[in-house]
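Engineer: The sequence and its predicted three-dimensional model are supplied below.
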Amino acid sequence: MQPRQRVLALVCGMGFLAVAAPLAFADAFDGTYTGKRVLTKRDNPSCPAEDNVSATISGGTLTFTDSALKNFTIGFDPRPDGSFGLISVNISGAVVTIHGRIVGNTLDADVVNGPCQHHWHLQKS
């Protein structure tokens, strides 16, 4: 192989790794996380003080279910340290913001849904 061909092969290989590495990294958080959400701020008496929540991360999305929202899906693109910030408005007008971090098998996040603010503490099953 000529030196020029080696350089070209190396550059192409590095380009492939640059594209493939983020895809492999994103999958590292895939799975189902379950636990509780605990009220941190209430602007409405209908906000539950504590509630079960489950979140499934798969294919660049986070889908969660609690007593207020069922199968609410939001794009998920975590940073390398596991931290993330998400904002979504679904077709029915529900606005949800989620800011958190995954460390090991634990997902901790602060979530605002309308007048209710909760903290999630979820474990990967």
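Structural biologist: Ah, there it is.
Engineer: beta partners of the nearest residue to residue 33 once chain neighbours are set aside?
Structural biologist: Among residues not flanking residue 33 along the chain, residue 122 sits closest, at 3.7 Å (C-beta to C-beta, 6 or more residues apart in numbering). Bear in mind the C-beta positions are built from the backbone N, C-alpha and C, glycine included. Bridge pairing for residue 122 (DSSP bridges) gives the partners residue 35, residue 107.
Engineer: where does residue 122 land on pLDDT?
Structural biologist: Predicted confidence (pLDDT) at residue 122: the value is 98.
Engineer: what about it, neighbour count?
Structural biologist: By other C-beta atoms under 10 Å, the residues close to residue 122 number 22.
Engineer: how much space between it and residue 40?
Structural biologist: Separation of residue 122 from residue 40 (C-beta to C-beta, to the nearest Å): 15 Å.
Engineer: Pretty sure residue 37 sits in a strand.
Structural biologist: Yes. Counting by DSSP: H, G, I helix; E, B strand; the rest coil, residue 37 is located in a strand.
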